[in-house]
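Undergrad: coords please:
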Amino acid sequence: MAGFSMDFLETHDVMHLNAAQGWLKLGNHLEANEELEKISPETRVHPDVLEVRWQIYAKEKKWEACVDIAAAIIKLAPNRSDG
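TA: Residues are numbered from 1 along each chain as shown. Take a look at the predicted model:
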């Protein structure tokens, strides 16, 4: 499964992912989470989506969930440095 890229995300999912990243930059992890919830369920395991989910959980200090997400990223995309 290595080699994920934004090309594998549908346009509407990319829009929600970008919006979530924007909310995080503005310091609003709750709105960022709402945007991720709008992403297609099958796409929520995409490493780019998981990375943003990790950032949201880190803001909430949900460290155990962060570890699980990081492990999933490593499994899905072992060549990524952020896993």
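Undergrad: which stretches of this protein have low pLDDT?
TA: 1-7, 82-83 (pLDDT under 70).
Undergrad: could you pull out the helices for it?
TA: Here the chain has its helices, by DSSP state H, at 11-25, 29-37, 47-59, 63-76.
Undergrad: Report all helices and strands that the longest one contacts.
TA: The reference is to helix 11-25. The helices and strands touching helix 11-25, judged by 3 or more Cβ pairs under 8 Å, 6 or more residues apart in numbering; DSSP states H and E, are helix 29-37, helix 47-59. C-betas here are computed from N, CA, C, even on glycine.
Undergrad: export these to CSV and tack on distance to Ile74 and mean neighbour count?
TA: What follows is the helices and strands packed on helix 11-25, written out as CSV (distance: least, Cβ to Cβ, whole Å; neighbours: other Cβ atoms under 10 Å):
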stretch, distance to Ile74, mean neighbour count
helix 29-37, 20, 17
helix 47-59, 9, 20
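Undergrad: Distance to Ile73 added to those helices, as TSV?
TA: Listed next are these as TSV, based on distance: least, Cβ to Cβ, whole Å:
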stretch	distance to Ile73
helix 29-37	15
helix 47-59	5
